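> below is the sequence, then the predicted model.
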Amino acid sequence: MTDHLYLSGVSHGYGDRELLNNVDLVIHHGEHVAIVGENGAGKSTLLRLLSGVETPDDGTAGLSGNPGYRVGYLAQTHGFSESVTVGDAIDSSLASLRSLETRILDLESGLADADTEELELYGSLQTEYQLREGYAAESRVEAALDKLGLGGLDRRRTLGSLSGGEQERVALACLLADPAEALLLDEPTNHLDANGTAWLESRLAAHRGTVVVVSHDRVLLRKVATTIIEVDADRRAVNRYGNGYEGYLREKAAERARWVQEYDQWLDAMAAERLQAATVADRMGYGRKRDNDKMGFDFKAGTWQSAVTSKVRNAQERLRRLEENPVDRPPVPLTLAAPLGSVTDVMSEPALEAHGICVPGRLQPTDLRVETGQKVLITGPNGAGKSTLLSVLTGNLEPAMGSVAIHGKVGYLQQELDVPTRPGLRLLPAFAAGLGGNIDEHAEGLLRLGLFRPAEFHVPVGGLSAGQQRRLALARLLLGGYQTMIVDEPTNHLAPVLVEQLEAALASFAGTLVIVSHDRALGEWFDHCARVDGGPVDGGRTAGSGRGASAGSWVRYGMQGGELL
């Protein structure tokens, strides 16, 4: 039997919320799979079920095939105690390999007197050890730590003495020190810099066994995954797509085209049945009255009336069936050009100016000038000061020194949202609050964005997940009519197709844009635009597009240690 991970008739959830319903899934040995979907759809749950860490409420899940087939699992939060040392964590990850080495050494000591069975066992153990590259395990650990930015780390240090990101990188290095036949990883790039991420991509792409990764990183999806599995939150199901990430996007586009066609056909059918019910009596009755034979008309009136009534009734019945089985209206791809309007009233001055702003320990003295219509991307490792800079620019954080001037209407999407002040307020009124206009117009606008389904419009905001609250804030930003948008990690909590649409919408935005993002695909978009407008990227600021660049230009800044590079 071929080794594979599987779900069979699996239903699973938490409390009264079911995430998966009667799901069947097979991942064969050697497949490289990415799991995608909306935030909260059940991606991490699916990974835990496949790894055997969690048992489904109904159905079966796990590994089928060779009982010696090893599955390595990396959660978003490592499972080690903070009192464990780095060396202990590494020893734990290599325990199986070292046990194998000990068995080989024990057999070697008695090879002179070994029987056939012992010799065969010795040979099989040697083969397994060589296939697992046991002799290179220690050097592999050191190389992994070095590539993940932890080179020279003292193995006597406890995990509790490391930052959260460092702890997760140690856990990743441990997983790859003796890689299992199947590697299951949940958002492994969350705490990696560009070099670490590139190294991980090459390791996963080259892995001869199975790879299953939950990730929002579109560059990783393109380089590693040959198969995409999407968790469908609406149907509590999973859908498989072949031909890698690009194939997934093509098939999603085809699905949407079919959806649009089905919706249009449903509308046409509804209109046709209404027309049939409204006009059939008039047409048939009019045809008899033209006869001018009153006696004949009266004599046959009952027959004609019966026929008319029957046709109307049939049309109404068909209409009722159509209404009972509606086709949801497909969302329109995101667009920002229409709702945001013109920016010409502020073209005579920069959109944003900061002079000498400083937050001790978080932001070095910084000057920044963003021209009207300019698009600025700020990148850098976790803790570099990116979110602090945006908080100061938007007035959410008072700097110890310096000043900020912003011209025009400015919208801000922060990375960490405040707790809703009115948790009982339902989603649609919360979206419409302060925007003017009527509620029907706002419902239409919110539907166009595709960030929420109509069924969610009546959910109290206090009951929304963190991802849903984030999408609500994004929706208010996109339709707020802002001339300048300052956005911190806009692609968080969005499914890949929506991220692609958002990226295209931002590219077409006529206003001023300042973005902080770790999304490498978004960075590639900025690099491309920069080459079009003014030259290649030189590692920090875009060449030819520095401070004071003209409107419509594209600028990319790196950030490190609270300082713009």
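Received the coordinates, thanks. Residues are numbered from 1 along each chain as shown.

> R258: neighbour count?
11 (other Cβ atoms under 10 Å). The way it works is simple: take the backbone N, C-alpha and C, and place the C-beta from them, glycine included.

> helix or strand: which one has it?
helix 244-289 (DSSP states H and E).

> what's the answer for H12, then?
Assigned by DSSP H and E, H12 falls in strand 4-14.

> what's the answer for L446, then?
helix 439-449.

> tell me the first helix or strand C-terminal of that helix.
helix 466-478.

> can you spell out which helices and strands pack onto that following helix?
strand 410-413, helix 427-432, helix 439-449 (3 or more Cβ pairs under 8 Å, 6 or more residues apart in numbering; DSSP states H and E).

> show me what the shortest one pairs with in its sheet, parallel or antiparallel.
Under the criterion DSSP bridges, strand 410-413 sits next to strand 484-488 (parallel) in its sheet.

> how about residues contacting the strand it pairs with?
Strand 484-488 is contacted from outside by 351-352, 370, 386-387, 390, 393-394, 406, 408-415, 477, 509, 511-516, using Cβ atoms under 8 Å, 6 or more residues apart in numbering.

> that older thread, how distant is the helix holding L446 from the center of its chain?
Here the centre of helix 439-449 is set off from its chain's centre by 23 Å, with Cα atoms, centre = their mean, to the nearest Å.

> all numbers from here: first residue = 20
Sounds good: first residue 20 from here, last item helix 458-468.

> per-residue pLDDT, S422?
On pLDDT, S422 comes in at 93.

> that one against A373, yeah?
Yes. In this structure, S422 is within contact of A373 by Cβ atoms under 8 Å, at 7.3 Å.

> the two: which is more packed in?
Using other Cβ under 10 Å as the criterion, S422 and A373 rank with A373 on top: 19 against 10.

> identify the residues contacting the more buried one.
A373 neighbours (Cβ under 8 Å, 6+ apart): T385, D386, L387, R388, V411, L412, G421, S422, V423, A424.

> mind checking the SS state of the last one?
Classification of A424 by DSSP: H, G, I helix; E, B strand; the rest coil places it in strand.

> before we move on, what about the fifth one?
Under the three-state scheme (three-state DSSP), V411 adopts helix.

> just for the stretch 70-219 of the chain, where's the confidence low?
For the stretch 70-219 of the chain, no stretch has pLDDT under 70.

> that one: strands as residue ranges?
77-83, 90-93, 201-205 (DSSP state E, counting those that start in this stretch).

> would you list these in JSON lines and tack on mean neighbour count and distance to E342?
As requested, the strands of the stretch 70-219 of the chain are arranged in JSON lines below (neighbours: other Cβ atoms under 10 Å; distance: least, Cβ to Cβ, whole Å):
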{"stretch": "strand 77-83", "mean neighbour count": "16", "distance to E342": "34"}
{"stretch": "strand 90-93", "mean neighbour count": "20", "distance to E342": "48"}
{"stretch": "strand 201-205", "mean neighbour count": "24", "distance to E342": "43"}
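
> is it possible to export those strands to CSV including distance to A540?
CSV is the format used below for the strands of the stretch 70-219 of the chain (distance: least, Cβ to Cβ, whole Å):
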stretch, distance to A540
strand 77-83, 32
strand 90-93, 22
strand 201-205, 19
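
> and these: which comes nearest V160?
Nearest of the strands of the stretch 70-219 of the chain to V160, taken as Cβ to Cβ: strand 90-93 at 14.4 Å.

> what comes up buried for stretch 500-512?
Buried residues in stretch 500-512, counted by 16 or more other Cβ atoms under 10 Å: Y501, Q502, T503, M504, I505, V506, D507, E508, P509, T510, N511, H512.

> count of neighbours near the residue nearest to the second one when sequence neighbours are not counted?
To tie it back to what came earlier, the one meant is Q502. Among residues not flanking Q502 along the chain, G427 sits closest, at 3.9 Å (Cβ to Cβ, 6 or more residues apart in numbering). By other Cβ under 10 Å, 18 other residues sit near G427.

> what about V351, helix or strand, and which?
Using DSSP H and E, V351 falls outside every helix and strand.

> that one against L470, yeah?
No. Using Cβ under 8 Å, V351 is not in contact with L470; the gap is 11.6 Å.

> okay, the two: which has more neighbours?
L470 (24 against 12).

> list the contacts of the more buried one.
R490, L491, L493, A494, L517.

> measure the fourth one to G486 for me?
The span separating A494 from G486 equals 13 Å under the rule Cβ to Cβ, to the nearest Å.

> between those two, which has more neighbouring residues?
A494 (21 against 16).

> F471 is in contact with the more buried one, correct?
Yes. Applying Cβ under 8 Å, one finds A494 in contact with F471, separated by 7.4 Å.

> tell me, what's touching the two both at once?
L465.

> buried set for stretch 209-223?
Buried residues in stretch 209-223 (16+ other Cβ under 10 Å): N209, H210, L211, D212, G215, T216, A217, W218, L219, E220, R222, L223.

> can you give the domain ranges for this protein?
49-73+85-270, 271-343, 356-583 (automatic domain parsing).

> nearest to V29, out of those domains?
Taking the domains of the chain one by one with Cβ to Cβ, domain 49-73+85-270 is closest: 6.5 Å.

> least confident secondary structure element in the chain?
When each helix and strand of the chain is scored by mean pLDDT, DSSP states H and E, helix 356-359 comes last, with a mean of 40.

> how much space between the residue nearest to L416 when sequence neighbours are not counted and G129?
Closest residue to L416 apart from its sequence neighbours, by Cβ to Cβ, 6+ apart: S410 at 3.7 Å. For S410, the distance to G129 (Cβ to Cβ) stands at 68 Å.

> and for L447?
Going from L447 to G129 by Cβ to Cβ gives 77 Å.
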